[in-house]
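Novice: Any chance you can model this:
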Amino acid sequence: MAGQLDLALFRDDEGNSVRITVLGPLQGVSGGLHAEIVVDTPFVTGRVKLSLWRSRLTSWSEALDRLEAGEDIAWLQAQRGASVLIQLDGERGCPEVVVEDDLFSMVTVRVPIDLPPDWIATHRHLLSAVLAAWGDHLSQD
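Specialist: All right, here's what the predicted structure looks like:
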């Protein structure tokens, strides 16, 4: 069985990062994956649990397509649990990753991150690695 794999890793040289990591199978739920979103900055650090299914990974792939086309995205915003928004032209002149946990902690964290030019291609590779490792385990829901 596959180990922990990053689905997303946004970080810069200033010590800001937002990471989405697949931790393993979702206990008690067939076809799901247990994951977490981890925010780590010099100012704030936190984590929130996340459940993933094939449909959520498909929507992440579609979000990467929209980002590549120059559009901001909101991933999992209409779903239950935490959501991730990426604004390409943030308030500080660089992209911002926004993590919202309206359901449990009711906290929103906005992290400006100066991303490298190839960050979308890197995230496509991360997604491919997660699907290669866990694809047989995932359900469509």
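Novice: Checking the residue minimising distance to the centre of the chain next. Helix, strand or coil?
Specialist: Centroid-nearest residue in the chain: Ile20, 4.4 Å away (criterion: CA atoms, centre = their mean). At Ile20 the chain is in strand, as set by DSSP: H, G, I helix; E, B strand; the rest coil.
Novice: Tell me if I'm right that it and Leu33 touch.
Specialist: No: using CB atoms under 8 Å, Ile20 is not in contact with Leu33; the gap is 10.9 Å. Heads up, the C-betas are built off the backbone N, CA and C, glycines and all.
Novice: helices and strands around the helix or strand encompassing Thr122, which ones?
Specialist: According to DSSP states H and E, Thr122 maps onto helix 119-134. Helix 119-134 is packed against strand 5-11, strand 17-25, helix 54-68, with contacts defined by 3 or more CB pairs under 8 Å, 6 or more residues apart in numbering; DSSP states H and E.
Novice: Any regions of this structure where pLDDT drops low?
Specialist: 1, 78, 140-141 (pLDDT under 70).
Novice: and the nearest residue to Ser139 once chain neighbours are set aside, how far is that from Glu62?
Specialist: In space, and not counting its chain neighbours, Ser139 is closest to Gly31: 2.5 Å by CB to CB, 6 or more residues apart in numbering. Counting by CB to CB, to the nearest Å, the separation of Gly31 from Glu62 is 20 Å.
Novice: what does Gln27 give?
Specialist: For Gln27 relative to Glu62 (CB to CB), the value is 28 Å.
Novice: Great, nothing more from me.
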